[in-house]
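>>> Pasting the sequence and the predicted model now:
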Amino acid sequence: QVQLVESGGGLVQAGGSLRLSCAASGRTLSRANMGWFRQPPGKEREFVALITGTGDFASYADSVKGRFTISRDNAKTTLYLQMNSLKPEDTAVYYCAAGGTLQKSGTYYSLREPDYRGQGTQVTVSA
């Protein structure tokens, strides 16, 4: 059984930065696609970013492109999301996900039907 545990969320002012981490345990995910999703208050869950197992390809939703960077450390089985220039509309619960396939969504690729998902970490950006 795979467990994904997110950390690093919190309250930050607009324009600030946060770095989210996702620690994976239970089985090796070094070859699995991984990604981040978020659910803003009162809205549906949405894709944020993905990275392939080898780490040589990443894709971002248009709303975060140029501000967020996804990375992974397969030795530590940890996924990261560096979030810069945060905006109030980035406020959401952020979820880590593993597995699934890449799916073309307009100008970017999203992560389709991930096998595992974490419990989430709250990110709140104040104006």
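Sure thing, it's come through.
>>> just the strands in the protein please.
Here the chain has its strands, by DSSP state E, at 3-7, 10-13, 18-25, 34-39, 46-51, 58-60, 68-73, 78-83, 92-98, 101-105, 108-112, 116-117, 121-126.
>>> okay, the ones you listed in TSV with mean pLDDT and mean neighbour count next?
For the C-beta atoms, the positions are set from N, CA and C on the backbone; glycine is no exception. Formatted as TSV, the strands of the chain follow (pLDDT from 0 to 100; neighbours: other CB atoms under 10 Å):
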stretch	mean pLDDT	mean neighbour count
strand 3-7	96	17
strand 10-13	98	13
strand 18-25	95	19
strand 34-39	97	25
strand 46-51	98	23
strand 58-60	98	20
strand 68-73	96	18
strand 78-83	97	21
strand 92-98	97	23
strand 101-105	94	13
strand 108-112	95	20
strand 116-117	95	18
strand 121-126	98	17
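>>> Excluding chain neighbours, what is closest to residue 25?
residue 3 (4.9 Å; CB to CB, 6 or more residues apart in numbering).
>>> Contacts only, for the residue nearest in space to the middle of the chain.
Computing the C-alpha centroid of the chain and ranking residues by CA atoms, centre = their mean puts residue 36 first, at 2.0 Å. Going by CB atoms under 8 Å, 6 or more residues apart in numbering, residue 36 touches 20, 22, 48, 49, 50, 70, 79, 81, 94, 95, 96, 97.
>>> go with 10 Å
If you count contacts by CB atoms under 10 Å, 6 or more residues apart in numbering, residue 36 has them with 6, 20, 22, 47-51, 60-61, 64, 68, 70, 79-81, 83, 94-97, 111, 118.
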